[in-house]
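Participant: fold the following.
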Amino acid sequence: MASTRDYYEVLGVSKDAGAGEIKKSYRKLAMKFHPDQNPDDPEAEDRFKELGEAYEVLSDEDKKAAYDRYGHAAFKAGGAGGSGFRGGGFNDPMDIFSQVFDGAFGDFFGGGRGQSRDGRKRGSDLRYNLEISLEESAKGVSKALELEKFVSCESCRGSGSKGSGGAQTCSTCRGLGVVEQRMEGFGGIFRKQVVCPDCDGSGQVISDPCPECKGEGRIEKVDRTQIEIPAGVDHGTRLRSSGNGDAGVRGGPAGDLHIVLKLKRHDVFERRGEDLFCEVPVSFGTAALGGELDVPTLEGAASIKIPTGTQGGTIFRLRNRGIKDISSGRKGDLNVEVRVEVPTRLSGEQKEKLASFTESIGEENSPMHESFLEKAKRFFNL
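Facilitator: As a prediction, this is how the structure comes out:
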């Protein structure tokens with residue numbers, strides 16, 4: 001199911017609730033609405049599923065951040081605002097319950113530890129470090145990733161069974177997923193429960209396992225996954241692609257793929273948040289007399305006006321020529337710092353003309369020099 005109620009409301013916690021409070025509330029409500037506690041109440045089962053969905057999101061740092069930013073739209077197909085989540089993909093509420101209680105109520109509620117009662121088990125999450133260019137981070141890009149992971153077995157369609165028999169109740173633990181072990185000590189004979197060695201805690205066994213996957217319902221191979229990178233991502237941005245991790249055991253839900261983005265160093269631009277910065281050389285003559293100067297932007301060249309007497313280090317701001325903010329949609333600015341080039345390798349004639357020009361100008365033509373002299377006089381008490 002996909003709840004449309006506010007997840008904080010579902011768990012009865014405030015939006016600033018910590019991880020401990022969220023878990024405590026889930027444990028209390030999950031025990032109350034567990035289907036085995038309410039066998040004749042279908043509404044209780046729906047409530048139990050809703051609790052699992054809400055806890056799965058709010059207990060996960062990345063999912064919680066996406067929900068706080070985009071709401072339920074973050075987990076719909078295609079995501080929202082480029083959140084990086086795709087296609088719902090919520091886990092089995094029984095799996096969530098078992099993980100939270102660490103199997104403590106497995107025998108009481110008739111389930112194994114960490115697995116659903118039919119032997120299904122969620123696949124592992126995977127991490128992939130992806131390097132992208134500044135241009136790709138600004139405009140968004142589709143990337144094909146190749147990674148080795150577990151995928152669903154095509155021969156048995158993920159069931160793990162060769163025939164149509166499917167999974168059967170384990171005769172060793174009678175479907176409980178645990179067996180009792182006797183231990184002798186100085187105080188007498190002790191009994192403790194351990195995971196059943198025959199069904200690995202699932203309570204189910206495959207009588208006629210698929211020869212391709214050996215009854216697991218999945219095989220390991222190099223798989224190609226297409227990932228959509230939204231515009232506006234930055235260095236260190238973490239995206240989650242739901243269901244693109246390892247395939248689950250015997251048809252269990254797949255894990256998630258976590259993509260950590262790294263931006264390549266750019267030859268021209270430096271990114272700071274949503275703003276871009278670059279340095280552009282300007283000739284001595286243009287800086288002194290003023291003129292037009294072509295500067296680079298991510299959309300191509302743009303022309304700016306250089307006022308007469310522009311000094312080196314002056315920054316010109318080009319509005320809305322930066323990076324689009326991933327949440328607000330507002331674009332940053334491009335900041336262009338001009339570097340005045342001093343002419344080199346002058347001919348004899350050029351040197352004479354430059355020397356004559358230098359002699360002809362006074363302090364009134366050099367405001368920075370005049371300002372420096374005034375400061376120097378005050379410093380030396382002249």
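
Participant: show me which residues of the helix or strand hosting E135 are buried.
Facilitator: Secondary structure from DSSP states H and E places E135 in helix 134-139. For helix 134-139, burial by neighbour count (16 or more other Cβ atoms under 10 Å) applies to L134, E136, S137, A138, K139. C-beta coordinates here come from the backbone N, C-alpha and C atoms, glycine included.

Participant: what of stretch 172-188?
Facilitator: For stretch 172-188, burial by neighbour count (16+ other Cβ under 10 Å) applies to C173, G175, L176, G177, V178, V179.

Participant: need those in CSV with pLDDT, distance to P296 and secondary structure, can you?
Facilitator: Formatted as CSV, the buried residues of stretch 172-188 follow (pLDDT from 0 to 100; distance: Cβ to Cβ, whole Å; DSSP: H, G, I helix; E, B strand; the rest coil):
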residue, pLDDT, distance to P296, secondary structure
C173, 88, 68, coil
G175, 81, 68, coil
L176, 80, 68, coil
G177, 80, 63, coil
V178, 82, 66, strand
V179, 86, 70, strand
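
Participant: closest one of those residues to L263?
Facilitator: Among the buried residues of stretch 172-188, G177 lies closest to L263 (Cβ to Cβ), at 46.5 Å.

Participant: measure the closest one to Y8 for me?
Facilitator: Remark: distance between G177 and Y8 (Cβ to Cβ, to the nearest Å) = 33 Å.

Participant: same question for G163.
Facilitator: Relative to Y8, G163 is positioned 47 Å away (Cβ to Cβ).

Participant: again with V249
Facilitator: 32 Å.

Participant: count of neighbours near the nearest residue to V141 once chain neighbours are set aside?
Facilitator: Of all residues not flanking V141 in the chain, I229 sits nearest, at 4.9 Å (Cβ to Cβ, 6 or more residues apart in numbering). I229 has 21 neighbours, counted by other Cβ atoms under 10 Å.

Participant: isn't F190 right up against M183?
Facilitator: Yes: using Cβ atoms under 8 Å, F190 and M183 qualify as a contacting pair, with a distance of 4.7 Å.

Participant: just give me the longest helix of the chain.
Facilitator: Taking DSSP state H as the criterion, the chain has its longest helix at helix 42-58.

Participant: what separates F190 from V179, distance-wise?
Facilitator: F190 is 15 Å from V179, by Cβ to Cβ.

Participant: where do the helices of this structure begin and end?
Facilitator: Going by DSSP H, the chain shows helices at 7-11, 19-33, 42-58, 61-70, 93-101, 134-139, 284-289, 348-360, 367-379.

Participant: which one of the ones you listed lies closest to A301?
Facilitator: helix 134-139 (15.0 Å).

Participant: work out the gap between the closest one and the centre of the chain.
Facilitator: In terms of Cα atoms, centre = their mean, to the nearest Å, the centre of helix 134-139 is found 16 Å from the chain centre.
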